[in-house]
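Visitor: coordinates only, sequence not included:
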């Protein structure tokens, strides 16, 4: 058999840091063809690939050490001898034969191979391709050709008799033409079936069977083309090496079927995150490659990597178990980090391991300017850890007022970071990073303790009815024992749970995990009110308002800001307030900056609000003076 053309069966690209034997082993295992290695002297099998097992129906342990004659694969010794003589003749044509399978039937095959030595002993390496289906199609084509020739002959005979039997001949001619057209259609259909069979064979050789993604073979072809195109146009593109963080533990604890579900879900999420022009491929195991052609600059790559991290960090439901997988991503850029397939994948692989070393759940660039930007991120994470240890954080408090009387009825605690060199760091610059790297949990613990301490002091100063609202991270809700930790903090500071409001994003209840629901119920059982923060900007489903212990809503500032000049904003706000009233939910409007906005909210029945109209967030001492004033 001649070696397959590259477009039919390209050789898999070697995985970075692997040797040729490892590459051969991958090809041997992944080949859709059946490959065997047997001793030339006695015909006993030394090794067979999965293709052989699928073809014959024999198991590996039943095969090794036995001969093909014993298993019925070779119908007789002469069949094997003819194949050996074919190889020794030096012919480059495939050797046609018929081989047996376990149930005793024979299959048409085309064979290629060679005779070589392993450990000083001559062995026969045979590569076999099942062509039984193709033979059936070819036989069908031959039948249609014979039918076509017969019809042509009939037509010719009819024409020869035209002079004597013109009327009858015309009828026969018309019938023959109809049959000829039908035969031609059938011939075309048979040809299409042959082409479809060949396309399916190529697809199977170039795509991962489990996920349907391009495999290493097709990835190498696309990456090679991408390099050539980028070199011609002077373009920039990125290679992302995505490796799952917790796949092994899921595979070991829940089984391989669960692992397969995780891999398929990851493939779907990756494809849904990238553009249509991008390529998502599976290298094998829990390793994926994403190719991003025509990226304008590195920040676009970083943004997509962040989206991938977020997508794969979301739990994957397997039965009744919500599995947290997560991933680490390494990024290489063309041409800075390499100009060959191997160099780019290896550079991305190296960067991925660097991401693992940085605590997992993050992305790293291989080098260059973006590497320095990534290093700045690592530096900020380090400074966040120092900020926690050195108590660089503080809380400011913004009043929540009763819109009818103007009295302060509650306060929202807002986190501030006073960096010794950077000065005041805006929350948007460090809160998402803290969420990503897991530092939000110790920061959230400090916020809870400090806020409760301050609230206790205000209660003792005569403001016993003052409530305090805290923003709670999803990671705090999802970790085990959070409700118990809250209960212990309340008891330590002598505060009733009815004095606290926890503001959560819409994404927390929408995770739909039993652990999440149980934690929220435990918090509600402590007397806390649970409010949905920034209501209306997240998920569209309102099911959680009925299914979860939600006590109130905070109307997002984006709706409040449009009250004065956009009738739709006024309508949306009024609808939310009306819905909350029917569901007996508490409502807070945030971002109120003008008296006109406050007047419109009052006219719609909104009872409480916060915003710059009433006060900016203030340190605890200044807020205490505000409480003491008339």
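Guide: Cool, the structure landed. Because the structure is a prediction, the values reported are computed rather than measured.

Visitor: what stretches of the stretch 201-350 of the chain score poorly on pLDDT?
Guide: Low-confidence segments of the stretch 201-350 of the chain, defined by pLDDT under 70: none present.

Visitor: Could you look up the SS state of residue 448?
Guide: helix (DSSP: H, G, I helix; E, B strand; the rest coil).

Visitor: so what's it closest to, chain neighbours aside?
Guide: residue 489 (5.5 Å; C-beta to C-beta, 6 or more residues apart in numbering). Bear in mind the C-beta positions are built from the backbone N, C-alpha and C, glycine included.

Visitor: Quick check: which helices or strands does the helix or strand harbouring the one you found pack against?
Guide: Here residue 489 sits within helix 482-493, counting by DSSP states H and E. If you count contacts as 3 or more C-beta pairs under 8 Å, 6 or more residues apart in numbering; DSSP states H and E, helix 482-493 packs onto helix 440-460, helix 514-525.

Visitor: Now do the longest helix anywhere in the chain: which elements does it pack against?
Guide: Secondary structure of the chain per DSSP state H: the longest helix is helix 166-206. Applying 3+ C-beta pairs under 8 Å, 6+ apart, one finds that helix 166-206 contacts helix 132-160, helix 216-233.

Visitor: Tabulate those in JSON lines, adding columns for mean neighbour count and distance to residue 251.
Guide: Formatted as JSON lines, those follow (neighbours: other C-beta atoms under 10 Å; distance: least, C-beta to C-beta, whole Å):
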{"stretch": "helix 132-160", "mean neighbour count": "14", "distance to residue 251": "35"}
{"stretch": "helix 216-233", "mean neighbour count": "17", "distance to residue 251": "21"}
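
Visitor: closest one to residue 93 among the ones you listed?
Guide: Nearest of these to residue 93, taken as C-beta to C-beta: helix 132-160 at 16.0 Å.

Visitor: I'd guess residue 310 is in a helix, am I close?
Guide: Yes. Counting by three-state DSSP, residue 310 is part of a helix.

Visitor: if we can go back for a sec, let's have the helices and strands packed on helix 166-206 in JSON lines, adding distance to residue 459.
Guide: Below are those laid out as JSON lines (distance: least, C-beta to C-beta, whole Å):
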{"stretch": "helix 132-160", "distance to residue 459": "82"}
{"stretch": "helix 216-233", "distance to residue 459": "63"}
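
Visitor: For residue 34, find the nearest of those helices.
Guide: Among the helices and strands packed on helix 166-206, helix 132-160 comes nearest to residue 34, with 12.6 Å by C-beta to C-beta.

Visitor: Which strands and helices lie in contact with that closest one?
Guide: Using 3+ C-beta pairs under 8 Å, 6+ apart: helix 132-160 touches strand 106-118, helix 166-206.

Visitor: mean pLDDT for the ones you listed: which is lowest?
Guide: Looking over the helices and strands packed on helix 132-160, mean pLDDT reaches its minimum on helix 166-206, with a mean of 79.

Visitor: what separates it from the chain centre, distance-wise?
Guide: 44 Å (C-alpha atoms, centre = their mean, to the nearest Å).

Visitor: what about the helix or strand containing residue 351, distance to the chain center?
Guide: Assigned by DSSP H and E, residue 351 falls within helix 341-357. From the chain centre to the centre of helix 341-357 is a distance of 19 Å (C-alpha atoms, centre = their mean).

Visitor: The helix or strand following that helix pairs with which strands, parallel or anti?
Guide: Counting by DSSP H and E, the element after helix 341-357 in chain order, helix or strand, is strand 363-365. In the sheet, strand 363-365 lines up against strand 327-334 (parallel) (DSSP bridges).

Visitor: any idea how far the residue lying closest to residue 104 once chain neighbours are set aside is from residue 191?
Guide: Closest residue to residue 104 apart from its sequence neighbours, by C-beta to C-beta, 6+ apart: residue 72 at 6.7 Å. Remark: distance between residue 72 and residue 191 (C-beta to C-beta, to the nearest Å) = 35 Å.

Visitor: more neighbours, those two?
Guide: In terms of neighbours (other C-beta atoms under 10 Å), residue 72 is the more surrounded of residue 72 and residue 191; the figures are 17 against 13.

Visitor: What does the more buried one show for phi and psi?
Guide: Per-residue torsions, residue 72: phi 80, psi 10 (degrees, to the nearest 10).

Visitor: One more: residue 602?
Guide: Main-chain torsions, residue 602, degrees, to the nearest 10: phi -60, psi -40.

Visitor: Quick check, pLDDT for it.
Guide: 91.

Visitor: wait, doesn't it sit right on residue 403?
Guide: Yes. With contact defined as C-beta atoms under 8 Å, residue 602 counts as touching residue 403 (5.1 Å).

Visitor: And the two? Which one has more around it.
Guide: Taking other C-beta under 10 Å, residue 602 and residue 403 do not tie; residue 403 has more neighbours (18 against 14).

Visitor: Enumerate every residue touching the more buried one.
Guide: By C-beta atoms under 8 Å, 6 or more residues apart in numbering, the contact set of residue 403 is 598, 601, 602, 606, 607, 608, 609.
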